[in-house]
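>>> any chance you can model this:
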Amino acid sequence: MSTIPSPGPAATPGAAGPAAAVPLSAHEPDAATLARAAEQTASELLAPSAPARLTDVVPAPQRVEPNPSEEWRLPADAVVVASADPAALAVAEQLAELLRPATGYPLPVSDATRPAPASGIALVLAAEDSLGAEGYRLDVTRVGVTITAPTAAGLFHGVQTLRQLLPPAIESPIPVAERWVLPGGSIVDEPRFPYRGAMLDVARHFFAVEDVLRVVDHLARYKLNHLHLHLTDDQGWRISVDSWPRLATVGGATEVGDGPGGWYTAADYRRIVRYAAQRHITVVPEIDLPGHTNAALVAYPELAPDKVAPPPYTGTEVGFSYVDPSDERTYAFIADVLGEVAALTPGPWLHIGGDEAFKVKGEVYTGFVERAQRIVADTGKTVVGWHQLAPAAHVDGRVLQWWGTNGDDPTTLDAVRRGARVILSPGNHAYLDMKYDPDTPVGQDWAGLIDVRRAYDWDPGSHVTDVPEAAVLGVEAPLWTESVTSLAEIEFMLLPRLPAIAELGWSPRATHDWAGFRDRLAGHGPRWATAGIAFHRSPEVPWPVEGAGSTQPSRPQLPTQPGPDDAPVPSTDKP
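Numbers count the residues shown, from 1 in each chain. Sure thing, here's the model as predicted:
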């Protein structure tokens, strides 16, 4: 990859060979002819990048049929044509915006009743029952590229696949000289599970809206469709609530390590939700109850069992705080907060936490959860909670997020038999705050070290003993942030493990193969490096070496593990 050179002497008319169009006259070729001739000449002088293959995609597609004879090169005058539907046109604009910076091409977008590639890219909305709600078909021929899907979400996922099939230089924020070639053939694809997500903990350390939006982009790359935001905890309350304003102004003013904290206004939160929705990602807000509530109790001591405000907490221990389950004021608080958050959230889910409430036990705990679940139902949303909610009575649609490390869990199995579904987030496979190895400069190790292979080598469909695959809603990769303090550290912990979890959620079980996955994943290192994304250069992955057609990615310079004089050492408990 190289930057576009400064303009040199004008190309000789006709030097591009048979690909050049016939000029208007023998002496005055038109501008479009000269542009095409210059482009063809430049592309022939470029050293070709290592070509992508249809089988290189992450997550692995359901079915791939390569046809090397149908390779297609994106021309400078290509257009993007979409079905005459606002949702399809929105995806077409997103595709053009992805391709314009690196190519420098204008890539105009238009609509048509029957879109056809015609030396460009066609996005076609068409009913096709075999593809499901998020599936797509991608066809690459010498004529052009067609993505067909029954929904805009399917078109968007097809766009992410197309993006991966172009050279890594497509991630450049500035124009580069490159042969923008796509391998020929077809891909037919749809996800294994409907819920595929990641969680970002913004309570332990607060992250600005722009950082959250960047995380959304990382999820979109790998066809994840849910962003779970852990908005409240002992260390900070991160969303404004009009009826309880001190939750943000007082409860949001702290974070781990005595940092300044912060919170999202309603407008901030709407911006995150809107940005995610444009990328077909649903935001799942979590208000953690009845424990993990110290920040709320600082703001409103009347919610505390002893009605006394505790001191602000900026450490990393768990299990010591809880709202008073015997006071009706507590349930009015929950109804107000969940009602306002639900009104801001168009998605179907409200997450109420429920884990590590060590001081609220037995029937008191289950009684609290059952009331909280009914309050969620009253908002019109479906309740999600950590799997500690399992003993409580079932409500319609209830989802348990399972974070255990031992798949033998009779209590969760009983809840499933009563109608619950599960999201799989096993702490020793999917928790992306766990260190990669003993030398990882940030993160924890209470659930063990999680290298890329460990993140990949498990099956959500059979992980919890006797829970059938039909009861598994999907997978989620949580990133807790006791020791994660910056966007670079978020990216370093997400990548390259996030694509592993994404493949478990999207791809058919039959495609899962560690050797194949690590080879496909290796090609993404140059893409991340080109885009300026921090990532861990895992020794398990055969990243391309410098001089082999790709940029050698380097390990980001992250701070060393904080010690006692810098910040609290993370606890060994799950956050």
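>>> contacts, neighbours, all on C-alpha from now
Will do.
>>> contact partners for residue 209?
Neighbour list for residue 209: 264, 268, 272 [criterion: CA atoms under 8 Å, 6 or more residues apart in numbering].
>>> for residue 485, see how far away it is.
From residue 209 across to residue 485, the span is 14 Å (CA to CA, to the nearest Å).
>>> go on, residue 103?
For residue 103, the distance to residue 485 - CA to CA - is 34 Å.
>>> more neighbours, those two?
residue 103 (25 against 19; other CA atoms under 10 Å).
>>> tell me how many other residues crowd the closest residue to the more buried one other than its chain neighbours.
Spatial nearest neighbour of residue 103, chain neighbours left out: residue 175 (5.3 Å); criterion: CA to CA, 6 or more residues apart in numbering. Residues within reach of residue 175, counting by other CA under 10 Å, total 19.
>>> what of the one 5 residues further on?
When neighbours are defined as other CA under 10 Å, residue 180 has 23 of them.
>>> check it and give its pLDDT.
Residue 180 is assigned 97 on the pLDDT scale.
>>> check residue 87 too.
98.
>>> that one: what's it in contact with?
residue 152.
>>> so it sits in a strand?
No - the assignment for residue 87, made by DSSP: H, G, I helix; E, B strand; the rest coil, is helix rather than a strand.
>>> measure it to residue 203 for me?
Relative to residue 203, and taking CA to CA, residue 87 is found at 34 Å.
>>> number of residues surrounding residue 545?
12.
>>> now swap in residue 155 and tell me
Neighbour tally, residue 155, other CA under 10 Å: 28.
>>> equivalent analysis for residue 308, please.
When counting by other CA under 10 Å, one arrives at 13 neighbours for residue 308.
>>> for the closest residue to it other than its chain neighbours, the count of nearby residues, please.
Of all residues not flanking residue 308 in the chain, residue 301 sits nearest, at 5.2 Å (CA to CA, 6+ apart). Other residues near residue 301 number 17, with proximity taken as other CA under 10 Å.
>>> go on, residue 419?
Neighbour tally, residue 419, other CA under 10 Å: 15.
>>> how about it, nearest residue that isn't a chain neighbour?
residue 394 (7.0 Å).
>>> now swap in residue 186 and tell me
residue 139 (4.4 Å).
>>> now swap in residue 170 and tell me
residue 102 is the one closest to residue 170 (CA to CA, 6+ apart), at 5.3 Å.
>>> now find how far off-centre the helix or strand harbouring that neighbour is within its chain.
Residue 102 belongs to helix 86-103 when elements are defined using DSSP states H and E. Its chain's C-alpha centre and that of helix 86-103 lie 19 Å apart, by CA atoms, centre = their mean, to the nearest Å.
>>> pLDDT at the closest residue to residue 379 other than its chain neighbours, what is it?
For residue 379, ignoring the flanking residues on the chain, the nearest one in space by CA to CA, 6+ apart is residue 339 at 5.9 Å. According to the prediction, residue 339 has pLDDT 98.
>>> residue contacts, residue 123?
80-83, 88, 92, 115, 146-148, 155.
>>> same thing with residue 426?
402-405.
>>> where does the prediction get shaky in the protein?
By pLDDT under 70, the weakly predicted segments of the chain are 1-50, 546-575.
>>> next, name the residue at the spatial heart of it.
residue 219 (1.6 Å; CA atoms, centre = their mean).
>>> wait, doesn't that one sit right on residue 228?
No - applying CA atoms under 8 Å, one finds residue 219 not in contact with residue 228, separated by 11.3 Å.
>>> list residues touching both of the two?
197-198.
>>> how many neighbouring residues does residue 64 have?
17.
>>> show me what contacts the residue nearest to it when sequence neighbours are not counted?
Excluding the flanking residues, the one nearest residue 64 by CA to CA, 6+ apart is residue 187, at 4.6 Å. Applying CA under 8 Å, 6+ apart, we find residue 187 in contact with 54, 61-65, 137-139.
>>> can I get the residues you listed in a markdown table with secondary structure and distance to residue 196?
Formatted as a markdown table, these follow (DSSP: H, G, I helix; E, B strand; the rest coil; distance: CA to CA, whole Å):
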| residue | secondary structure | distance to residue 196 |
| --- | --- | --- |
| 54 | helix | 23 |
| 61 | coil | 15 |
| 62 | coil | 16 |
| 63 | strand | 20 |
| 64 | strand | 22 |
| 65 | strand | 26 |
| 137 | strand | 20 |
| 138 | strand | 21 |
| 139 | strand | 25 |
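>>> who wins on neighbours among the residues you listed?
In these, the most neighbours by other CA under 10 Å go to residue 54, 25 neighbours.
>>> and it, what does it touch?
By CA under 8 Å, 6+ apart, the residues touching residue 54 are 64-66, 165, 183-187.
>>> let's go with 7 Å and repeat that
Contact analysis of residue 54 by CA atoms under 7 Å, 6 or more residues apart in numbering lists 64, 66, 165, 183.
>>> just those residues now: which is nearest residue 417?
residue 64 (37.2 Å; CA to CA).
>>> strands paired with the host helix or strand of residue 123, and their directions?
Using DSSP H and E, residue 123 maps to strand 121-125. Note on strand 121-125: by DSSP bridges, its sheet partners are strand 80-83 (parallel), strand 145-149 (parallel).
>>> want to throw those into JSON lines with mean neighbour count and distance to residue 513?
Putting those into JSON lines (neighbours: other CA atoms under 10 Å; distance: least, CA to CA, whole Å) gives the following:
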{"stretch": "strand 80-83", "mean neighbour count": "27", "distance to residue 513": "35"}
{"stretch": "strand 145-149", "mean neighbour count": "28", "distance to residue 513": "27"}
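>>> and those strands as TSV, adding distance to residue 463?
What follows is the strands paired with strand 121-125, written out as TSV (distance: least, CA to CA, whole Å):
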stretch	distance to residue 463
strand 80-83	41
strand 145-149	31
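>>> returning to what we had before: next, count neighbours for the residue nearest to residue 170.
Neighbours of residue 102 (other CA under 10 Å): 21.
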